[in-house]
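>>> generate a structure from the sequence data that follows.
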Amino acid sequence: MILRFGYVSHALSLWDASPAKTITYTNWKKLNREERTEKLKSITRQNLESTLRALHFNVAHRIPLYRFSSSIVPLATHPEVEWDYISPFRELYKEIGKLVKKHQLRTSFHPNQFTLFTSDKPHVTNNAVTDMNYHYRLLEAMGLAEEAYINIHIGGAYGNKKAAVNRFHENIQKVPSAVKSRMTLENDDKTYTATDVLHICERENIPFMFDYHHYQANKTEDETLENILPRFLALWKDQPFPPKAHLSSPKSKEAFRSHADFVDATFVHPFLHAMKQCGQDVDVMIEAKKKDQAMLRLIEELAAFRGVKRLEEGVLQW
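The predicted model follows:
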C-alpha cells in the first residue's frame, strides 16, 4: 500500500505565508470606491503568491497533496461586493496550475460549513451554489477544473434527518453538472455518519471523503471499518486518483471532536491497518492544527513501524 500525504493550505514552516488573509465587509465599506478595489486586489495577489510559496514548499519536500484555501479571494461571494477576481490575476492562476500539473500534485478545496444543501431556506441553497461556483471558477482559472476536487459536508438535520436528506438530493441538482462532477462528500462528527453519507454518495454518484476522526466521534454500533471501507473504495474506482481520507486526532478525551495540534499515530493506526488489509493505496489529508509540521511528524512516526518504508518526504509504503 502506498500512502501519500498532504496538509491544509498554510505551510507553517514558511514565514508570513498565510494564503487566507482577508478584510471584513465592515472595514471594506469604510474605504472609498478606488481604495476598495485596490485593497481586494492587493490581498488576493498576496494570497495567490503565498499559495505559490506553499506549492513550491510541497515540491521541494516531495509532498504530493495540497488543499487550497477557500479564502484566497476576500469577499468573493459577498452579495454586496461584486468584483472581477479572475482577470487581474490570470497569469498567477496559470502559474499555480502549471506548477501543480508539472509536479503531479493532487489539489482540492474544502468550502466552509455554511456551504450546505439541506436547508429549507432557498437563500441558503442559493448561497451554497454561489460558493461552489466560486471555487470552480478558481479551478478553471488555474486549469485544474478537470482534476481537483471540492469537498463539502452534507449539512444540518434540522430535527428531521430524512427530510433534510431528501432536500439535499433536490437542492444538489441546482449545482451545475460540471461543478457537481468535482464534488466529494464527507461524514461529519455530529450529524451525518459515514453510512449516512455513503448512501447519499452512492445515489448521487459522488466520491466519499472518509474522515476517520469524525467516524470515531459519530458512529453507530454496526458501523465497522470492514463494512464501510469496501463501499468507500467502490466510489473511487472510476476516479483518476486513489481514494482520499482525512486524518486528525482528538485534542483530549473531553474535547474529542476538536483537532489536536499533531496527529496521534496510535489513534489513526487502525484505519491505516484496515486500508492495508484492503490492499488499496490511499491519499491522506492531515487536518491537525500544526498542518505541514504535524504531517511530517506523523510520517516520521509511521515510518518507524515495522513493515513501513519511507519512499519520499511525503510518501510511505506499507
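>>> all helices of this protein, in order?
Remark: helices assigned in the chain by DSSP state H are 25-29, 33-60, 90-102, 122-142, 161-171, 177-180, 194-204, 212-217, 225-234, 265-278, 291-303.
>>> is it possible to get JSON lines of these that adds distance to residue 284?
C-beta coordinates here come from the backbone N, C-alpha and C atoms, glycine included. Output for these, formatted as JSON lines (distance: least, CB to CB, whole Å):
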{"stretch": "helix 25-29", "distance to residue 284": "36"}
{"stretch": "helix 33-60", "distance to residue 284": "14"}
{"stretch": "helix 90-102", "distance to residue 284": "18"}
{"stretch": "helix 122-142", "distance to residue 284": "22"}
{"stretch": "helix 161-171", "distance to residue 284": "27"}
{"stretch": "helix 177-180", "distance to residue 284": "25"}
{"stretch": "helix 194-204", "distance to residue 284": "16"}
{"stretch": "helix 212-217", "distance to residue 284": "9"}
{"stretch": "helix 225-234", "distance to residue 284": "13"}
{"stretch": "helix 265-278", "distance to residue 284": "8"}
{"stretch": "helix 291-303", "distance to residue 284": "9"}
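>>> include distance to residue 15 and mean neighbour count when you put those into TSV, please.
Formatted as TSV, the helices of the chain follow (distance: least, CB to CB, whole Å; neighbours: other CB atoms under 10 Å):
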stretch	distance to residue 15	mean neighbour count
helix 25-29	25	12
helix 33-60	10	17
helix 90-102	20	16
helix 122-142	25	19
helix 161-171	42	16
helix 177-180	35	14
helix 194-204	38	18
helix 212-217	29	21
helix 225-234	38	17
helix 265-278	28	16
helix 291-303	13	20
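>>> how many neighbours does the residue lying closest to residue 296 once chain neighbours are set aside have?
Leaving out its chain neighbours, the residue that sits closest to residue 296 by CB to CB, 6 or more residues apart in numbering is residue 313, at 7.1 Å. Look at residue 313: counted by other CB atoms under 10 Å, it has 16 neighbours.
>>> quick check: residue 259 vs residue 249, distance?
Using CB to CB, to the nearest Å, residue 259 is found at 8 Å from residue 249.
>>> residue 21 now?
Taking CB to CB, one finds residue 21 at 28 Å from residue 249.
>>> those two: who's more crowded?
Remark: of residue 21 and residue 249, residue 249 carries more neighbours, 22 against 16, as counted by other CB under 10 Å.
>>> my guess is the more buried one contacts residue 288. True?
Yes: applying CB atoms under 8 Å, one finds residue 249 in contact with residue 288, separated by 7.4 Å.
>>> what touches both of those two?
259, 260, 262, 263 (CB atoms under 8 Å, 6 or more residues apart in numbering).
>>> quick one: residues contacting the closest residue to the first one other than its chain neighbours.
The reference is to residue 259. With sequence-adjacent residues excluded and distances taken as CB to CB, 6+ apart, residue 259 is closest to residue 248, at 4.5 Å. By CB under 8 Å, 6+ apart, the contact list for residue 248 reads 213, 259, 260, 263, 286, 287, 288.
>>> give me phi/psi at residue 248?
Torsion angles at residue 248 (phi, psi; degrees, to the nearest 10) stand at phi -160, psi 180.
>>> and it, how far is that from residue 182?
24 Å.
>>> one more: residue 269?
Per CB to CB, residue 269 is found 31 Å from residue 182.
>>> ramachandran angles for residue 305?
phi -70, psi 150.
>>> residue 75: neighbouring residues, count only.
With other CB under 10 Å as criterion, residue 75 counts 22.
>>> quick one: contacts for it?
With CB under 8 Å, 6+ apart, residue 75 has these contacts: 22, 23, 25, 28, 40, 81.
>>> try residue 99
So residue 99 contacts 52, 55, 56, 59, 105 (CB under 8 Å, 6+ apart).
>>> give me the nearest residue to residue 311, chain neighbours excluded.
In space, residue 311 is closest to residue 317, 5.4 Å off (CB to CB, 6+ apart).
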